[in-house]
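In: Okay, sequence plus prediction incoming.
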Amino acid sequence: MTMQDYDPDELPDNDEITEATSSDAGTAELLGLCEEFLRTSSPAVHCELRRFLTRHGYHPVCGLGAFLDALQFTVFRPDTAPHSPTSPTE
């Protein structure tokens, strides 16, 4: 999943903006970026996220892993996964 290069001289049409911001694939891409960042972040970030999740009712020990797994499963659901050569939807 990659974002297109931004060129301020080539602004998209309004229809293109609406399609990009309302698509399930766009949401899946953003969730995927969040999942990747959170899964590969530092122990300090994991500690802070674990405290945050515990305050919101997640289990203090396994809540972080469950949250990251749920985020990843949401990203790669067949109906929202971006189409790629490794995607099971093709």
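Out: Good, I have the coordinates.

In: use CA for all of it now, contacts and neighbours both
Out: Will do.

In: Have a look at this protein and report the helix or strand with the lowest mean pLDDT.
Out: Each helix and strand of the chain was given a mean pLDDT (mean pLDDT, DSSP states H and E); the minimum falls on helix 14-22 at a mean of 56.

In: Next, the buried residues of the strand or helix carrying Leu31.
Out: Per DSSP states H and E, Leu31 falls inside helix 24-40. Across helix 24-40, burial judged by 16 or more other C-alpha atoms under 10 Å covers Asp24, Ala25, Gly26, Thr27, Ala28, Glu29, Leu31, Gly32, Leu33, Glu35, Arg39.

In: low-scoring stretches of this protein, by residue?
Out: The model of the chain has pLDDT under 70 over residues 1-6, 8, 11-22, 78-90.

In: about what we covered before: identify the farthest-apart pair in the buried residues of helix 24-40.
Out: The most widely separated members of the buried residues of helix 24-40, counting by C-alpha to C-alpha, are Asp24 and Arg39 (21.9 Å).

In: so how far is Leu64 from Arg51?
Out: As judged by C-alpha to C-alpha, to the nearest Å, Arg51 and Leu64 stand 9 Å apart.
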